[in-house]
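Could you look at this predicted model? Sequence included:
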Amino acid sequence: MSDVALGSAQAPGRTELSVEVPVYIPTRGERLGAVVTVPEDASADLGVLMMSGRARDRAHRNGMWVRTAQAVANAGAYAVRLDYPGVGNSTGEPAVFPLEKTPSWAVEDACSFLLEHTPVRRVLLVGTCFGARVMLDAAPGIDQAVGIAYICGPVLARTPSWRFRVRRRLSRLLPGGSVAISKDTPAGAGAANEAAQRREGNLVAEQRVSPAFRRSMNRTLRRIKMYFLFGDEDFVYDEARFALETLHPPKDRYELDVVPGVLHTFQTLEDQQVVVDWVPRLVERLR
Amino acid sequence: MSSRPASVELVASGLSAFSRFEDASAGRSETQSFLSTPAGPLFSTMVEPLGRPERDVGVLFCHSFAWEQYELYPLELSAARRVASAGFAAMTFQARGYNDSGGEFADVTPATHVRDVLAAAKALKVSAGVEAVVPVGASFGSAVALLAAIEMQAPGVALWNPVQPAAFLDGLLRASTVAGMLEDADMSTASADGSSGAGAGASAAAPRRGFQALKAALENGETLDVFGFPVTPAMYGECREIDVLACVAAGSVPARALEVIVNPASRRTADAVGSALSAQGAQVLVEQAEGPGRREFAASVPRGGHLATHAALFDDVIAKTLTWLETIS
């Protein structure tokens, strides 16, 4: 009937075969669903961990991570596509994870598993949207991390700071006052962000870098390089530009790739192919 | 890892020890694997009671189409786990072209869905040692489940939010049209603000097509990109040709059927299918699922909606299905 544990999956549109093994990764009393793609040269020491946007399946839209995993394996690295805790093939209660407190421990445990059961000794962390934030939060705790691919990830805080809340309240109490908008913005970016947040239905009228993002990025960039990928019409690209202008990270510690159009929803085949092509190119540079 | 030279077989063999686990407290085991079928490998998750299954039927979850499959997979796997804890061998799987199964999504049609259901059902019978399989499907998956149940002469079938394939696809195209209109309006606002990134106008350069234009395009042989999934003329044509009611009238229907109406909009179809099944001698039970998010179920499941935000609703669907399953085993 079936090979219970092993499977050979042919990459769509390709003739090469990669072995894929679905696994349950033990983690803190539960299990994470994942699929490990083994490259033809099984002695490869580079592994790529991939996570999609919040609480989405490990395969990503239209199997984008499946195709990416095959491309990564063809480029000579292990690939792991990971389910969120409580979602997909993972066990545990499903939960909605806040942006300021991501389930980064799941990535740490998945890395440990990869290091223990394969020849992998260096790890590239790849995430889209919320998954990018999870990877960023996990990276400082993973000694073997050699890079983070931050694809269309959010950067700004989604709730106003207490200072802003106080100012807003005071402004309403003062005669002739109106809702205060934080002026701590670079010229031009503030208006752009307000428009972006209105588009997204976000009620925040303040623009500030997420404290968790700031903290994680500062810790990460000490030894790990970040590779950003955005569409130039993504609202999160506006956020990223603001963050880079505000935080001034060393220019040799990050790279910023921008493609035309909207990327962050991956809602077209073309957008998905951008990622499927971009990640293995990064792998080839890191090998 | 040890210092032995690594080979693909050695590494894969070591990893395969983690393809299965037992949950003694829940009374079940779970195995992820690839089923070998003539059409290619199918990723499956088999969830079984610890020890021999107590029931003589297995339960097979038949997924929906494209984005809806993606959204509803957690519900189906959660259901498989619950029915396994109740003593049934259960399986979820992904048809060729979907996710971990690989293959080309552009090759997907209703016929390929049914083909893969039959292959998965065969594997479930062999693996679990059960006599028969009861297919369960939501939305587009309900049509697949019903067609498969007729073909394999299943003892029962469970339909969550039943829908005709043609109506389902029309709904998907309409949703695509509306989403495009909203995006265009959004980008127009951004352009008027003078905000957003460069090229705000460029995204609206290609004129959006309305619902009728999209259908005409499919009829003229064009493959459409709908929410990142290719919808082909073959898929469109087959959906238009399938009339679930006619299939019920012409085929050997299961003796027992359950319909769970989640989104009230599916009531009319459920009534029609139920009547057709009854006319063929089936014992039909119709239930209404309760819980917040009913109107968002299936084709318009909201972004971010999943087990955590629709837990009560999903629980009710599963509970009603389990109660019914216990009457036919």
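Received, thanks. It should be emphasised that the depicted structure is a prediction, and the values quoted were computed from it without experimental measurement.

where do the helices sit along chain B?
B:8-16, B:66-85, B:110-128, B:140-151, B:165-193, B:211-219, B:233-241, B:244-250, B:267-279, B:311-328 (DSSP state H).

Of these, which is nearest chain A?
Distance to chain A, taken as C-beta to the nearest C-beta, is lowest for helix B:8-16 among the helices of chain B, at 2.8 Å. Using the backbone N, CA and C atoms, a C-beta is placed for each residue, glycine as well.

Tell me which stretches of the stretch 1-150 of chain A form strands.
A:2-3, A:7-10, A:17-27, A:30-38, A:46-51, A:78-82, A:122-128, A:145-151 (DSSP state E, counting those that start in this stretch).

Where does pLDDT dip in the stretch 151-287 of chain A?
A:171-206 (pLDDT under 70).

Contacts only, for residue B:259.
Counting by C-beta atoms under 8 Å, 6 or more residues apart in numbering or on different chains, residue B:259 makes contact with B:158, B:159, B:162, B:270, B:273, B:274, B:284, B:285, B:286, B:287.

And the helices in chain A?
Using DSSP H, helices in chain A cover A:64-74, A:104-117, A:130-138, A:162-173, A:189-199, A:211-220, A:235-247, A:269-286.

how about those helices, which one is nearest residue B:214?
Nearest to residue B:214, of all the helices of chain A, is helix A:269-286, at 15.8 Å by C-beta to C-beta.

Pull out the buried residues from that closest one.
The neighbour-count check on helix A:269-286 (16 or more other C-beta atoms under 10 Å in any protein chain shown) flags A:269, A:271, A:272, A:274, A:275, A:276, A:278, A:279, A:280, A:282, A:283, A:286 as buried.

Stretch B:152-171 too?
Judged by neighbour count using 16+ other C-beta under 10 Å, the buried positions of stretch B:152-171 are B:152, B:154-171.

Please work out the average pLDDT along it.
The average pLDDT for stretch B:152-171 rounds to 95.

Where does the prediction get shaky in the stretch 1-150 of chain A?
A:1-17, A:55.

re the thing from before, what's the closest of the helices of chain A to residue B:226?
So among the helices of chain A, helix A:269-286 is nearest, using C-beta to C-beta, at 10.0 Å.

Is the closest one positioned near chain B?
Yes. Using C-beta under 8 Å from any C-beta of the partner chain, helix A:269-286 reaches chain B at A:269, A:270, A:271, A:272.

The last one - nearest residue in space that isn't next to it in sequence?
Pointing back at residue A:272 there. residue A:64 (4.4 Å; C-beta to C-beta, 6 or more residues apart in numbering or on different chains).

Residue A:270 versus that neighbour, what's the distance?
12 Å (C-beta to C-beta, to the nearest Å).

do residue B:68 as well
For residue B:68 relative to residue A:270 (C-beta to C-beta), the value is 22 Å.

re the thing from before, out of the residues of helix A:269-286 next to chain B, which one sits closest to residue A:99?
Out of those, the member with the shortest distance to residue A:99 (by C-beta to C-beta) is residue A:271, at 22.4 Å.

Flag the shaky bits of the stretch 1-150 of chain B, pLDDT-wise.
In the stretch 1-150 of chain B, residues with pLDDT under 70: B:1-5, B:53.

Nearest residue to the middle of chain B?
For chain B, the residue nearest the mean C-alpha position is residue B:63 (1.6 Å; C-alpha atoms, centre = their mean).

contacting residues for it?
B:69, B:72-73, B:76, B:92-95, B:98, B:137-138, B:141, B:144.

show me the contacts for residue A:77.
A:39, A:44, A:46, A:47, A:48, A:124, A:283, A:287.

okay, the residues you listed in TSV with distance to residue B:52 next?
Output for these, formatted as TSV (distance: C-beta to C-beta, whole Å):
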residue	distance to residue B:52
A:39	40
A:44	42
A:46	44
A:47	39
A:48	41
A:124	45
A:283	46
A:287	49
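
Report the two of the residues you listed separated the most.
A:39 and A:124, at 13.5 Å, using C-beta to C-beta across those.

These two: who's more crowded?
residue A:124 (26 against 23; other C-beta atoms under 10 Å in any protein chain shown).

you'd agree the more buried one is up against residue A:47?
Yes. Using C-beta atoms under 8 Å, residue A:124 is in contact with residue A:47, at 7.3 Å.

Any buried residues in stretch B:50-68, and which?
Those would be B:53, B:55, B:57-68, for stretch B:50-68 by 16+ other C-beta under 10 Å.

got the end-to-end distance for it?
Stretch B:50-68 has its terminal residues 31 Å apart, counting by C-alpha to C-alpha, to the nearest Å.

again with stretch B:95-115
9 Å.

ok, residue A:24 - how many residues close by?
22.

in the sheet, who's paired with the closest residue to it other than its chain neighbours?
Excluding the flanking residues, the one nearest residue A:24 by C-beta to C-beta, 6+ apart is residue A:31, at 3.9 Å. Beta-bridge pairing for residue A:31 (DSSP bridges): residue A:26.

OK, contacts around residue A:225?
So residue A:225 contacts A:146, A:147, A:148, A:253, A:254, A:255 (C-beta under 8 Å, 6+ apart).

Of those residues, which is the most crowded?
Of all these, residue A:148 has the most neighbours under the rule other C-beta under 10 Å, reaching 28 neighbours.

Based on its surroundings, how many neighbours for residue B:283?
14.

quick one: pLDDT of it?
At residue B:283, pLDDT is 97.

That one is in contact with residue B:256, isn't it?
Yes. Counting by C-beta under 8 Å, residue B:283 touches residue B:256, with 5.1 Å between them.

partners of residue A:123 in the sheet?
Beta-bridge partners, per DSSP bridges, of residue A:123: residue A:47, residue A:145.

Count the residues that sit near it.
Using other C-beta under 10 Å: residue A:123 sits among 30 other residues.

Now do the same contact list for it.
A:46, A:47, A:48, A:49, A:111, A:114, A:115, A:142, A:144, A:145, A:146.

Let's see if you can find the most crowded of the residues you listed.
residue A:48 (30 neighbours).

what is residue A:82 paired to in the beta sheet?
Here residue A:82, judged by DSSP bridges, has bridge partners residue A:34.

Residue A:48 is in contact with that one, correct?
No. Residue A:82 lies out of contact with residue A:48 (C-beta under 8 Å); the separation is 10.8 Å.
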